[in-house]
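Q: Sequence first, then the predicted structure, then my questions.
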Amino acid sequence: MGRYFRRKLLIYLLTFFAAVSINWMIPRLMPGDPIRALIGRAALRAEAADKVAEYFSRIYGLDQPAWRQYVNFWTSLFKGDLGISIYLSPKPVTQVIRDSIPFDLGLLIPAILCSWIVGNKFGAFAARRKRLDGIVLPIWYVFTATPYMWLAILLAYVFGVLLGIFPIAGAYSFAISPSLSISFILNYLKHWFLPFLSLFIVQLGGWAIGMRNMIIYELEADYSRYMESLGAPRKLIRRYAFRNAMLPQITGLALQLGVIVAGAVGTQVVFSYPGIGYLLLQAVMYKDYFLIQGCFLFIVIGVLIANFVIDVIYVIVDPRVRHGMGGETA
Amino acid sequence: TFTRGETLYAGGGLWGPPTNWNPITPWSAVTGTFGLVYEPLFMYDPLEDELIPWLATSGEWVDLNTFVLEIREGVKWTDGTPLTAEDVKFTFDLAKTHPETYYSSLWDWLDRIEKEGNTLKFHFVEPLYHEWHNNLYNLPIIPKHLWEGRTKEAILTGANERPVGSGAYFAHSYASDRMIYVRNDDWWATEQLDLVPAPRRIVYVVIFSNNVALGMILQGELDVSNFFLPGVPTLKRTYEDIHTWFDDAPYMLSDNTAFLYMNTTKKPMDDPVFRRAVAFAINSEDIKTRVFEDQVLVSNPLGYLPIDAWMQYYDEDVVEAYGFTYDPAEAKKILAEAGYRDINGDGFVQLPDGSPIRLSIIVPFGWTDWMESIRIIASNLRAVGINADATFPDFGRYQDELFDGEFHMAINNFGSNASNTLWTFYDWLFYELGERQTSGNFGRYDNPEIFALLDQFNRTPFDDHETSAQIMSKMQEIFLKEMPAVPLWYNGMWFQGSTQVWTDYPSEHGPYHYPCTWGGRWQEGGLLMLTDLKPRQ
Amino acid sequence: MVKLRNVTKVYRTGAFGGGKLKAVEDVSLSMEQGKVVSVIGESGSGKSTIGKMILRLISITEGEILVNDKDISKLKGKSLKEYYRTVQGVFQDPFSTYNPVFKADRVFDIIRAEYFSDMKAKKWREKVESSLQSVGMVPEQVLNKYPHQLSGGQLQRLLIARALLMDVDVLIADEIISMLDASTRVDVLNLLIDLKDRGLSILFITHDLSLGYYISDYVVILYRGSIAEMGYTDKVFYNPIHPYTRMLLTSVPRLDQKWEESEEELMETQEIAADSLEDRCKYYDRCHFAAESCGKPELKKVEEGHYTTCPRR
Amino acid sequence: MAVSVKNLKIYYQTLRGQVQAVDNVSFDIKDHEILGMAGESGCGKSTFSNSLVLLKPPMKFMGGRVELDGESLPLADFRKMNEFRYKKISLIPQYAMNALNPTRKIGRMIAELLASRGVSFSKISRELDRRLKLVNLNRSVMKMYPFELSGGMRQRAVMVIATLLDPSLLLADEITSALDVSTQKAVAKMLVQFRDMDLVKSLVFVTHDISILYQIADRVLIMYAGKAVEIAPTKKITKEPLHPYTRLLISSLPDVGVKYSERRLAGIKGRPPGLLNPFPGCRFKERCPVRFEKCDKEPPLAEVSENHQVACWREVGNNG
Amino acid sequence: MKKNEFLYFALRNTRMQIGLGIVLFFFAVMIIGPSLTDYDPNEYSGPAFARPSEDHWLGTTFFGQDVFTQIVYGLRATFIVGAVGGGLATLIGLIVGFIAGYKGGILDEILNMLTNIVTVIPTLALLIIIAAYLPYRGVVSQSIIIGCIAWPWTARAVRAQTFSLRSREFVDLARMSGMSSMKIIVQEIAPNMLSYLFMALILQFGGAILAAATLDFIGLGPTEGISLGLMMQNAVLWSAIPLGLWWWALPPGMIIAAIVSALYFMNTGLDEIFNPKLREM
Ligand SMILES: Nc1ncnc2c1ncn2[C@@H]1O[C@H](COP(=O)(O)OP(=O)(O)OP(=O)(O)O)[C@@H](O)[C@H]1O
Ligand SMILES: Nc1ncnc2c1ncn2[C@@H]1O[C@H](COP(=O)(O)OP(=O)(O)OP(=O)(O)O)[C@@H](O)[C@H]1O
Ligand SMILES: [Mg+2]
Ligand SMILES: [Mg+2]
């Protein structure tokens, strides 16, 4: 046990270090100059622009040699300081993330969880029911196979513009200020629904397909056959198969939740919904090193946690793994 | 819930969550920071070419080296403190104490400021008249009593959340997708100029895509839009609630000129004859119709916007003599005469020494209107035998290529905005050469004569029209003969209003106000537009 | 030929790799040329583990294995490849020893590609055919077929033929007949006997005592990874000492004698974690004669060529 | 008479045709009897036992009749069969080692299974304890996952589960083949005990190992290539086998105390025929040392002496 | 005989037939399409936003480009992305998965680490960087990036499979035949996972197409040429939907959806082909 955890911990630390370093490096390899991109937004007179650019490079420490910047990065990281966003100057990166991530989480967690739950149920249900499998399930494949943004735009146009049932922009009406009232919550939900629906629809099929395949496999397993031989009702057999088929799906879920911090760029663009995803895209476009680093730091942590959770969940949920044999080749 | 009839929804000038209200960092500041909250000494009306006294009631040159500014009385900061000449002086002095301030180069030629009551006397070392006049409506005046105690960092990089200005609106609140301004009912101009902005509240929304903007306009959820929206002419035919400046083409006012920069350090763009041939080859008319559905105008050969401030110097004779029009035959002729011939028979001309020409035209990927435009330009060029391709690097790479002089040809308009002086325009077009060209003259056109002329122009008193005109004519001649960059079309002052809730938007039928809500430009008419609006009955 | 000296194998088990399982503990034995050594034991007693260690398929935790006086754990790359020229194995499940997607005779092709790549096709064919004939098969009947088209016996014989293509001295036969039918297994057994007569040493791993007896010169009775008793076949079978050996012998189903008639009763108890028997005889928990005095026993000589760990006489 | 099988035909439907895995097999099993069923791999033993509990594609019911305690089994009707499954007929499958859901504790699985069959777990709990003891399992296995048990233990657990509802007929398919001798013996003896204690009425013990049958079976049925070729009481069939196949099979068994140097065993030459469109006539004829012309016709399973039926023309001819 | 059986089942399976049919149809359109049209994909070949007509089968775009021609050429990009991106992702996934699964131990941990790192590498940023080093971003470079990013899940799956295969006895036999690890993986283990690999390839193929569409959409598509994703992006940027240019806005998305769902459909058909237990007569 101890050995295992020590080793895992070391590996995770190494991964963390490598991934964060790579993500530190990547934006710096991009062409273009973040400060120029920033002040380029105001049509400044030329000398002014030069002067300001120089000052801001200094402020952001971008005038220092790369290795120094790298050292600075790690030292401030240990102090919990992710720096100041350039693109959203002068907001600290931590605050940028803190302000926008709730929107992503509010959208993605329900979407992922709902699609996961419904998709799994549906996939399990469809397996072995020829009708459903042959006719209804394919409809979900089509949704899953549809380019997300395109689908979302159609949804927005049909339900938002044509039918006018749902608003097409923002996290809540531009005409209200947030409060804890029923009307605000309703309003929020109304804005939330289309983005949620689009994510839900698109992800559902993937889970369903995975579940269907797994269930079919499990229903063919010896233990299912034996249960059948003992006259166990289909319901019970299916329940067992479902549980066992669930394991790989849990991995998938954990991985999805791991990258949740990356946000949903597509949704945010299409529905003008606030969140980190679009900011991250903008940060990349504007070479906002600090925001990029910050976001990726969280993504890295998310993925690592997800992996860790998978490791642990497997041990908890799948007794086989808990006691399994470690293999060996000479 | 905000009462709809009192609220104006606007968009097009805010592309990310509001994070900054510091007028000293205009590139980051939320649109409206300057204009709605902080105010300039003068407003400027590009349509009438007129400086409108604002925080200053008057300003004039008492001699060639001294400019006197009368500061308005009875103006109050929104915290109740009166706004005085001291605040104005402080604003200028700030750039002296902190040379990193964006307008600090002023102090290279400004000597000192003398304050006498409400009068400020500016003594110059060597007055740069045109630059000074441009500054008069572009500097936000900030309150001394709130800023003098701040650290350098706070001033130059702070967010200035809760800005205290003198303007018509308070920065009320914000969220990641909106900025909300609320009317300052105590505004000095209401009393002194009888101006009342109609909307009690302005909600400036963050929208990432055209689609959403268009959808919101159609639904009447967006009142003022400064987006470039394709399809407006089509939609105007079916939706009567969409308002534009002109009822018909070009629908939009012109705001800046798109130029085709040519890298004069690379062959064959180092040859003025070749550059002129390019000018003749391009069919801007086609771009105007196809790409912009006639929402823009084709530029004149000088690239001057159709505004009085600039057109007063337009020398018809020079243009007549040296100008160009779309004429592929002429382009071919020019090329042939200069020795550019198709020697190897590939259908494209080669350099006189026989080496092949292969040029690329760049615009940033994703700038779709420009992307389509350079496709047309590339095919125009190929039609006259110049082998050119349209390519679309990312913005970062585009910028690098421009700054480092690696490109062949590129479209750019970063400094050609409407202003009260041609100096801003030429300063951008012929910006001095340095190691990297970050601020203009991307083609690295090197002509001491034209640099000297520009400087001379800047030093000519603002109202010495005659001298100025002479200088300009010379510049125009050189420009047309040398063609370092080709003016193509005017990008519009994109503006669509929705008349579902508000009416009396600015238009060709009046009221005449420049309908601009882009960051840093409310003082050109956007603010006054608000005072014209009326709730729809 | 083959010598095992105090060989121990420990597997790591459990999801965390923290568990340890001593599959083979302190086993020493040797095989001589032209002899069959049977390793007999119940499932999980470590028989296959020994075989695999000799075949260098798993590492040796402690102790050493010498083949022709060379320590095999030092073999690598070329020398390992050469090693396989002389030592080969055949496994329990003939069906899973063949890659199901290929034809069965691919096992020959691999040998050719690896060891005889410069041999002419015709010569190779002759070699294969003669090898097949020597295991009693008609080449036409078995070549060019998929594993599922052949019987288990045929497949096992093909594997032996494959081993014969090289100059094998040692053959590890790991339960090669337990999956076969009574009628087919006899053929394979007889084949092994022929090979032995030709000078091969064979390690015959089985849990079937009658087969072990039938074929071997020497038997090793393995219990929970340790040797319980070993010696020349007759000596062990006719004079079993260890209670475990005796219990095994009485359990063999025979056609001439019913179980009820045999003496010793089998004692079944919960399998106890091996650790708790750390300093006890491993058979302690099942032994009728277990006494407090049973400590950790050592392998002792009973008579010439017969050893056991049980001190009981 | 507990069970009677008449002309049972079970085929596998495959792409290339029908595999005649159980072809026209008839026999009886008496109350309180252990019937051994032996034969080479692939002769249809599992097919027979599986078909009595779970007949589903590609397995196909082609005809015949199986009566259990006088009731005819609706083999082909998946639903109706459910009344019989487990309660009347139960199976310990060949794959018993893998027959339990790997992710459920055994006790819980049993409880759920019983509940689904309308039997209360608590009522049967004491009986369960008793049976666990019978097969020498500790009650703690109920709290374990299948893979925590050794193969033999798993097999015994399945034995307990399969017999929990006291079925009239228990089918044990090759449950000893993969076990070592000591465990083999233990398991086999337990089955006998089950029968002796009347926990199951009749038992079919399927194996390819005749020596075990000799230990526990009352009668033995020898199958060859989908056919029953010989049925007789155990003693009889081991001491005086009549069918040439049975004879060869028995003679190829080694025994402790037999060494190659003393008596060299011989196998049976050749392979059993494919069951996909097998040739007509006696299916053993190709390998048979005593074949003659008549073997081209299919021999009936005929009673040659009391309680001894053989399907061989030689034997039938001898008598009639 | 075995192969024939496979083919037989493959061609007999309805799902496979439908899926393959759709994919082949679009493949054929891609091949013969260019000869059916006289236009260049980006050429202004007619009036702006013309409805479908005889001259322009699927109408024209906002600028007067022929939509049908764009689709025909766009399909090429789509198939290239699928083949190159999906193929590369499968290949890398295989290599990593095989090595990690076969070798195990520390190598496994390192590769696992690599897999995790790649999962968190930002595709967008990578695209931009690549764009900076290549003169311009083409379909192929886009595909390569997608391939380099999308492999982790294949690697994970292959690793697990290899793990279970490597303890099979035929692997031991191969080792006893002196085969090197590399050979064993390629010649012994891989062929046993063919069905699995085929499925992975199909899913990666579809995944790459969708990934490319998304990248095109947010402005990171190829900077040259045309692809279905770029068509969608253009249609959206130029407000094709509110302006009623359905013939421009809808087909690219529908075609991508059709191709990718056909691939998924094939995938679900595949398990019946590869898993004999599921073949019902
Ligand atoms: N790769 C492995 N990892 C961990 N434990 C293993 C491994 N292989 C075998 N074991 C364990 O080692 C012990 C001995 O196994 P081995 O296969 O040698 O037994 P065996 O005598 O050959 O049994 P069988 O008759 O079932 O083949 C068993 O308890 C087994 O569970
Ligand atoms: N699903 C199937 N499809 C087609 N043929 C099958 C199927 N299952 C079994 N068979 C064939 O049916 C015949 C009888 O098989 P069965 O499993 O009943 O044999 P068995 O006597 O139990 O053999 P073993 O001793 O190997 O268990 C064999 O020839 C086998 O190949
Ligand atoms: Mg073994
Ligand atoms: Mg069977």
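A: That came in fine, so what should we check first? Ligands and ions are numbered 1, 2, ... in the order given.

Q: And the pLDDT at the closest residue to ligand 4 within chain D?
A: Ligand 4 sits closest to D:Ser46 of chain D, with a gap of 2.9 Å, by Cβ to the ion. Yep, even glycine has a C-beta here, placed from its N, CA and C like the rest. If you check D:Ser46, the pLDDT there is 85.

Q: List the backbone torsions phi and psi for it.
A: Taking degrees, to the nearest 10, you get phi -70, psi -40 for the backbone angles of D:Ser46.

Q: list the contacts for it?
A: By Cβ atoms under 8 Å, 6 or more residues apart in numbering or on different chains, the contact list for D:Ser46 reads D:Gln94, D:Asp173, D:Glu174, D:Val206.

Q: make it 10 Å
A: Residues in contact with D:Ser46 (Cβ atoms under 10 Å, 6 or more residues apart in numbering or on different chains) are D:Ala21, D:Val22, D:Met37, D:Leu91, D:Pro93, D:Gln94, D:Tyr95, D:Leu171, D:Asp173, D:Glu174, D:Val206.

Q: among those, which two are most distant?
A: Greatest spacing in those, by Cβ to Cβ: D:Val22 and D:Tyr95 (18.7 Å).

Q: Those two: which has the busier surroundings?
A: D:Val22 (29 against 16; other Cβ atoms under 10 Å in any protein chain shown).

Q: Need the pLDDT of whichever residue of the stretch 101-250 of chain D sits closest to ligand 1.
A: For the stretch 101-250 of chain D, the residue closest to ligand 1 is D:Asp180, as judged by Cβ to the nearest ligand atom, at 6.6 Å. Turning to D:Asp180, the model gives it a pLDDT of 76.

Q: Repeat that for B:Met483.
A: On pLDDT, B:Met483 comes in at 94.

Q: so what's it up against?
A: For B:Met483, the contact set (Cβ under 10 Å, 6+ apart) comprises B:260, B:262, B:264, B:269, B:272-280, B:301, B:322, B:324, B:445.

Q: Skip the chain neighbours and tell me the closest residue to it.
A: Nearest non-adjacent residue to B:Met483, counting by Cβ to Cβ, 6 or more residues apart in numbering or on different chains: B:Arg275, 4.1 Å away.

Q: how many other residues sit next to that neighbour?
A: B:Arg275 has 24 nearby residues by other Cβ under 10 Å.

Q: The one 3 residues further on now?
A: Burial measure for B:Val278: 28 neighbouring residues, criterion other Cβ under 10 Å.

Q: same check, this time on E:Ala190
A: Number of residues near E:Ala190 (other Cβ under 10 Å) recorded here: 18.

Q: which residues does it contact?
A: For E:Ala190, the contacting residues are C:Val101, E:Leu94, E:Phe98, E:Val158, E:Thr162, E:Leu165, E:Ile184, E:Tyr196, E:Leu197, by Cβ under 10 Å, 6+ apart.

Q: still on that earlier bit, so how many other residues sit close to the residue of the stretch 101-250 of chain D closest to ligand 1?
A: Neighbour count for D:Asp180, taken as other Cβ under 10 Å: 24.

Q: contacting residues for it?
A: Listed by Cβ under 10 Å, 6+ apart, the contact set of D:Asp180 reads C:40-45, C:47, C:178, C:206-209, C:248, C:251, D:151-152.

Q: Can you tell me how far it is from D:Gly152?
A: According to Cβ to Cβ, to the nearest Å, D:Asp180 stands 8 Å off from D:Gly152.

Q: The closest residue to chain D within the stretch 1-150 of chain C: neighbour count?
A: Nearest to chain D, among the residues of the stretch 1-150 of chain C, is C:Glu42, at 3.9 Å (Cβ to the nearest Cβ). Residues near C:Glu42, counting by other Cβ under 10 Å, number 22.

Q: now swap in C:Tyr115 and tell me
A: C:Tyr115, neighbours per other Cβ under 10 Å, totals 18.

Q: Contacts only, for it.
A: Applying Cβ under 10 Å, 6+ apart to C:Tyr115 gives the contacts C:Lys81, C:Glu82, C:Tyr84, C:Arg85, C:Leu165, C:Met166, C:Asp167, E:Ser177, E:Gly178.

Q: Kindly reformat these as JSON lines containing secondary structure and neighbour count.
A: JSON lines is the format used below for those (DSSP: H, G, I helix; E, B strand; the rest coil; neighbours: other Cβ atoms under 10 Å in any protein chain shown):
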{"residue": "C:Lys81", "secondary structure": "helix", "neighbour count": "16"}
{"residue": "C:Glu82", "secondary structure": "helix", "neighbour count": "12"}
{"residue": "C:Tyr84", "secondary structure": "helix", "neighbour count": "23"}
{"residue": "C:Arg85", "secondary structure": "helix", "neighbour count": "16"}
{"residue": "C:Leu165", "secondary structure": "helix", "neighbour count": "22"}
{"residue": "C:Met166", "secondary structure": "coil", "neighbour count": "20"}
{"residue": "C:Asp167", "secondary structure": "coil", "neighbour count": "9"}
{"residue": "E:Ser177", "secondary structure": "coil", "neighbour count": "25"}
{"residue": "E:Gly178", "secondary structure": "coil", "neighbour count": "21"}
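
Q: closest to C:Tyr244 among those?
A: Distances from C:Tyr244 to those, taken by Cβ to Cβ, are shortest for C:Tyr84, at 34.4 Å.

Q: tell me the contacts of that closest one?
A: C:Tyr84 makes contact with C:55-56, C:75, C:111, C:114-115, C:163, C:166, C:168, E:175-179, according to Cβ under 10 Å, 6+ apart.

Q: Could you check which residue of the stretch 51-200 of chain C lies nearest chain B?
A: C:Val101 (47.3 Å).

Q: Roughly how far does that residue sit from D:Lys6?
A: 43 Å.

Q: If you count surrounding residues, which of the two has more?
A: C:Val101 (18 against 15).

Q: In three-state terms, label the more buried one for me.
A: coil (DSSP: H, G, I helix; E, B strand; the rest coil).

Q: residues touching it, list them.
A: C:Val101 makes contact with C:Tyr146, C:Pro147, E:Lys2, E:Lys3, E:Phe170, E:Glu188, E:Ala190, E:Pro191, E:Asn192, E:Met193, E:Leu194, E:Ser195 under the criterion Cβ under 10 Å, 6+ apart.

Q: ditto for D:Leu213
A: C:253, C:255, D:34-38, D:188, D:205-207, D:219-222, D:234, D:237-238.

Q: One more: B:Glu73?
A: B:Glu73 makes contact with B:Thr57, B:Pro82, B:Leu83, B:Thr84, B:Ala85, B:Gly117, B:Asn118, B:Trp188, B:Gln192 under the criterion Cβ under 10 Å, 6+ apart.

Q: who are the neighbours in contact with the one residue sitting closest to the centre of chain A?
A: Nearest to the mean C-alpha position of chain A, by Cα atoms, centre = their mean, lies A:Ile260 at 2.2 Å. Listed by Cβ under 10 Å, 6+ apart, the contact set of A:Ile260 reads A:101, A:104-105, A:107-109, A:111-112, A:276, A:298-299, A:302-303, A:306.

Q: One more: B:Met371?
A: B:Met371 neighbours (Cβ under 10 Å, 6+ apart): B:Val291, B:Ile362, B:Val363, B:Pro364, B:Phe365, B:Ala390, B:Thr391, B:Phe392, B:Ile411, E:Thr223, E:Asn234, E:Leu237.

Q: Of the residues you listed, keep whichever come out buried.
A: Those of the contacts of B:Met371 that meet the buried threshold are B:Val291, B:Ile362, B:Val363, B:Pro364, B:Phe365, B:Ala390, B:Thr391, B:Phe392, B:Ile411, E:Thr223, E:Asn234, E:Leu237, by 16 or more other Cβ atoms under 10 Å in any protein chain shown.
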